[in-house]
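Participant: My questions concern the predicted model and sequence given below.
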Amino acid sequence: MKRSHSMFSSSSSSSSSSSPRTEYDVFLSFRGEDTRNNFTSHLYAALCQKGIYTFLDDDKLESGKSISPELLKAIENSRCSVIVLSENYASSSWCLDELVKILECREAYKQIVLPIFYHVDPSHVRKQIGSFGEPFHRYEQDFSQKVQRWRNALTQVASLAGCALHDGNEAKFIQDFIVKVSNKLGVAQLNISEDLFGLDSRLEKLNVCVRTPLLDNVHFIGICRLG
């Protein structure tokens, strides 16, 4: 699994004592066989470049295996979840378990949830028809105790304000989407020359310090120079 090696992160927002500690800015939920090597890979790179600390799991277990505790924790510890709803998303019980957990965190912790309808009709997601309905014939037998939760989750996520990509320019879509995520998270625009030598290692150390958990969630950073 991957975490973005971002040099900057948005400031952590205050939360109630019942909320989990924020560790990531964004959790990416996606169907690997559909978008891992194209759209999601490009989206992940754009988030990293923007300085948005992102969790991407590129080592999903085989079909039928339970979702890992580490992945559940990563969802809980994220400020925002981005869900790439592609053609075969619903054919993965793993993805559906992720979706249920994400919406639970939205309800419990006010987590930001942003769906992307990637070459799919939102109404198909909402009504579970087409590629979002066919897998449920199998689920009724293999996962009968989870079926209703999965259906409810798909209906709910399709009703959220999201972004749809059908035949448009993917690069432009990702660029606009990054702006939307940045605004939601309160990430400042940062323009830094790529010619500055030795800056990355220092910023990485600073990023680690900023993300060290504190009881009052307050950090003070002092900057000094020689001369």
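Facilitator: Right, received. Where do you want to start?
Participant: Please enumerate the helices of the chain.
Facilitator: Here the chain has its helices, by DSSP state H, at 32-35, 39-50, 69-76, 93-109, 122-127, 136-142, 147-158, 170-185, 199-210.
Participant: Just the CA atoms from the first one would do, formatted as PDB, please.
Facilitator: When you say that, I think you mean helix 32-35. Provided in PDB are the C-alpha atoms of helix 32-35 (Å, rounded to 0.1, in the frame of the first residue of the first chain):
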ATOM      1  CA  GLY A  32      -8.000  -1.800  -9.000                       C
ATOM      2  CA  GLU A  33      -8.700  -3.600 -12.200                       C
ATOM      3  CA  ASP A  34     -10.600  -0.600 -13.600                       C
ATOM      4  CA  THR A  35      -8.400   2.400 -12.700                       C
END
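Participant: Not counting its neighbours along the chain, what's nearest K73?
Facilitator: Leaving aside its sequence neighbours, K73 sits nearest to P20 (C-beta to C-beta, 6 or more residues apart in numbering; 7.9 Å). Every residue, glycine included, has its C-beta placed from N, CA and C.
Participant: Could you tell me which residues make contact with that neighbour?
Facilitator: Listed by C-beta atoms under 8 Å, 6 or more residues apart in numbering, the contact partners of P20 are K73, E76, N77, Y109.
Participant: Dump those to CSV, plus distance to D57, neighbour count and pLDDT.
Facilitator: As requested, the contacts of P20 are exported to CSV (distance: C-beta to C-beta, whole Å; neighbours: other C-beta atoms under 10 Å; pLDDT from 0 to 100):
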residue, distance to D57, neighbour count, pLDDT
K73, 12, 14, 95
E76, 14, 21, 97
N77, 13, 18, 97
Y109, 20, 18, 95
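Participant: thinking again about what came up before, okay, the residue nearest to K73: pLDDT?
Facilitator: pLDDT, P20: 74.
Participant: Throw the helices of the chain into CSV and include distance to V26, thanks.
Facilitator: Formatted as CSV, these follow (distance: least, C-beta to C-beta, whole Å):
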stretch, distance to V26
helix 32-35, 15
helix 39-50, 6
helix 69-76, 11
helix 93-109, 12
helix 122-127, 21
helix 136-142, 28
helix 147-158, 16
helix 170-185, 7
helix 199-210, 15
